[in-house]
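**Q** just coords:
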């Protein structure tokens, strides 16, 4: 059942358990709300950490629950099935929960988990609407609990290196960033295969729909392919652009765009969704740079996130696990300009001592040209590292960089994009109120 705003506020008034650190020699007791495909990847990444025990799971499809228990058992974890998320967060033995439910459930699951005294790891996007973020931030402040968001790219070594180089001034002033996230497969477009045993007896449709803004009859397509439908997801913007914006905020030390304009449409996958399969956006930041975001499900060039940070002194090209730095080797050449002047004026120009010698024809001195720097990453997946930071935060009570505040603002970028597509207008951010301007 959807919680009303009044019910949420009433819950906010209740005293939450005091935040306390888990002892260094104790295992964090964790549960999973949602056991879909991404959740299984999260279990694999979290479950190999020695300082955690995954003891409870729940999902609206029984097949996922059984597979999760089986998978966790193989990793040395004994997990019980909770009847639903309410039973999960009421379990006093749990220190923390991982929320991997559909987007439209995130706010309810996060806020109620915090109210129950749990620390939270929430898959991106943190929110389904920008208003959800304000309620989550209020709950974080009230309870003192940890919230970390799952855009794990910020835990890659390449993104850490790129951030270091940008903040050290290696790129000069960055004024433009291009970022893309493209796919060209049915599964990439979220048209996932549906398990043959899925039916009204194995799928709890009411538990899935929950707080959805519009109710529909039982639908396996909507249940297993929920990202395709606006009642449960913000589509490309909240699933993919939120990754891109998180990285940009991390590397640039930015908070949120000043204004956003976007266009998107459904060109190819018309019978399977109501959200665009192609999206383009321009974001202008108060820090003094502009971002071009693009994504299509109709071509895989620049697949799985790619960035170009364009600065006055260099460029960083960033992909998944790879990074290249290209310095600017600028040569000023005005010869072709002054060649059109009257000959006396051209001669006077070259005789002027203020004109740099290297700018004169044939006068450029020999010099070394700086070349490319390339970096790669190896080792365990970034999700493993990201979970390691979460577990450390639970013990030390010091939040990771990607806390609820930054998760809220990264998701806000996506909400601004979607609002611009829907209204055809430029959408502005109200920094003082931490929300979109009305």
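**A** Arrived safely. These numbers come from a predicted model, not from an experiment.
**Q** residue ranges for the helices of the stretch 251-400 of the chain, please.
**A** Along the stretch 251-400 of the chain, the stretches classed as helices by DSSP state H, counting those that start in this stretch are 335-338, 343-351, 382-396.
**Q** List the buried residues for stretch 59-71?
**A** 59, 60, 61, 62, 64, 65, 67, 68, 69, 71 (16 or more other CB atoms under 10 Å). (C-beta placed from N, C-alpha, C; glycine too.)
**Q** Look up how far residue 160 lies from residue 318.
**A** 11 Å (CB to CB, to the nearest Å).
**Q** What of residue 184?
**A** From residue 184 to residue 160 the distance is 30 Å (CB to CB).
**Q** what does residue 35 give?
**A** Taken as CB to CB, the span from residue 35 to residue 160 is 31 Å.
**Q** Out of the helices and strands in this protein, which is least certain?
**A** helix 5-13 (a mean of 37; mean pLDDT, DSSP states H and E).
**Q** Residue 412 is in contact with residue 129, correct?
**A** No: with contact defined as CB atoms under 8 Å, residue 129 does not reach residue 412; the gap is 9.7 Å.
**Q** more crowded one of those two?
**A** residue 412 (26 against 22; other CB atoms under 10 Å).
**Q** hang on, the earlier thing: so residue 35 and residue 160 - more neighbours on which side?
**A** residue 35 (29 against 16).
**Q** Got the confidence number for the residue lying farthest from the centre of the chain?
**A** Of all residues in the chain, residue 344 has its C-alpha farthest from the mean position, at 60.4 Å, by CA atoms, centre = their mean. On the pLDDT scale, residue 344 is placed at 97.
**Q** give the contact list for it.
**A** The contact partners of residue 344, by CB atoms under 8 Å, 6 or more residues apart in numbering, come to none.
**Q** again, but for residue 53
**A** 27, 28, 29, 30, 77.
**Q** and the two most separated of these?
**A** For those, the maximum inter-member distance is 12.0 Å, found between 28 and 77 (CB to CB).
**Q** closest to residue 248 out of the helices of the stretch 251-400 of the chain?
**A** helix 382-396 (16.7 Å).
**Q** outside of that closest one, which residues touch it?
**A** 21-24, 28, 41-42, 45-46, 48-49, 51-52, 95-96, 119, 121, 146, 148, 150, 152-156, 398-400, 402.
**Q** can you give me the offset of stretch 64-84 from its chain's centre?
**A** Remark: stretch 64-84 is offset 27 Å from the chain centroid, using CA atoms, centre = their mean, to the nearest Å.
**Q** Quick one: mean pLDDT over it.
**A** The model assigns stretch 64-84 a mean pLDDT of 98.
**Q** And it, end to end?
**A** Taking CA to CA, to the nearest Å, stretch 64-84 runs 13 Å from one end to the other.
**Q** Then stretch 133-151?
**A** 16 Å.
**Q** same question, stretch 368-375
**A** Note: stretch 368-375 ends 22 Å apart using CA to CA.
**Q** got JSON lines for the contacts of residue 53, with secondary structure too?
**A** Listed next are these as JSON lines, based on DSSP: H, G, I helix; E, B strand; the rest coil:
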{"residue": "27", "secondary structure": "coil"}
{"residue": "28", "secondary structure": "strand"}
{"residue": "29", "secondary structure": "strand"}
{"residue": "30", "secondary structure": "strand"}
{"residue": "77", "secondary structure": "coil"}
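**Q** May I ask which of these has the most neighbours?
**A** Result: residue 30 is most packed of the contacts of residue 53 (other CB under 10 Å), 29 neighbours.
**Q** For residue 387, see how far away that one is.
**A** For residue 30 relative to residue 387 (CB to CB), the value is 10 Å.
**Q** Please enumerate the shared neighbours of these two.
**A** Common neighbours of residue 30 and residue 387 (CB under 8 Å, 6+ apart) are residue 46.
**Q** all strands for the stretch 51-200 of the chain, in order.
**A** 52-58, 80-81, 96-99, 119-123, 147-150, 174-180 (DSSP state E, counting those that start in this stretch).
**Q** of all those, which gets the most neighbours per residue?
**A** The highest mean neighbour count among those, using mean count of other CB atoms under 10 Å, belongs to strand 147-150: a mean of 28.
**Q** list the helices and strands it packs on?
**A** Secondary-structure packing of strand 147-150 (3 or more CB pairs under 8 Å, 6 or more residues apart in numbering; DSSP states H and E): strand 119-123, helix 382-396, helix 404-423.
**Q** what distance separates the last one from the centre of its chain?
**A** Put plainly, it is helix 404-423. 11 Å.
**Q** same deal with the second one?
**A** Centre-to-centre, helix 382-396 and its host chain are 17 Å apart (CA atoms, centre = their mean).
**Q** ditto for the shortest one
**A** The gap between where strand 119-123 is centred and where its chain is centred comes out at 13 Å by CA atoms, centre = their mean.
**Q** That strand pairs with which strands, and in what direction?
**A** Here strand 119-123 is paired, per DSSP bridges, with strand 96-99 (parallel), strand 147-150 (parallel).
**Q** In the sheet, which residues pair with the closest residue to residue 309 other than its chain neighbours? Tell me.
**A** Leaving aside its chain neighbours, residue 309 sits nearest to residue 316 (4.4 Å; criterion: CB to CB, 6 or more residues apart in numbering). Following DSSP bridges, residue 316 is listed with bridge partners residue 309, residue 325.
**Q** Residue 316 against residue 306, yeah?
**A** No: Residue 316 lies out of contact with residue 306 (CB under 8 Å); the separation is 11.2 Å.
**Q** And these two? Which one has more around it.
**A** Using other CB under 10 Å as the criterion, residue 316 and residue 306 rank with residue 316 on top: 26 against 18.
**Q** Please name the residues that touch the more buried one.
**A** With CB under 8 Å, 6+ apart, residue 316 has these contacts: 162, 165, 166, 171, 307, 308, 309, 323, 324, 325, 326.
**Q** Number of residues surrounding the fifth one?
**A** Using other CB under 10 Å, the number of residues around residue 307 comes to 23.
**Q** Look up the pLDDT of it for me, please.
**A** 97.
**Q** For it, give its distance to residue 164.
**A** 15 Å.
**Q** How about the fourth one?
**A** As defined by CB to CB, residue 171 lies at a distance of 11 Å from residue 164.
**Q** Low-confidence regions, this protein specifically.
**A** 1-25, 303-304, 357-365 (pLDDT under 70).
**Q** which residue is nearest the centroid of it?
**A** residue 243 (2.9 Å).
**Q** residues in contact with that one?
**A** Contacts of residue 243 by CB under 8 Å, 6+ apart are 124, 151, 153, 181, 305.
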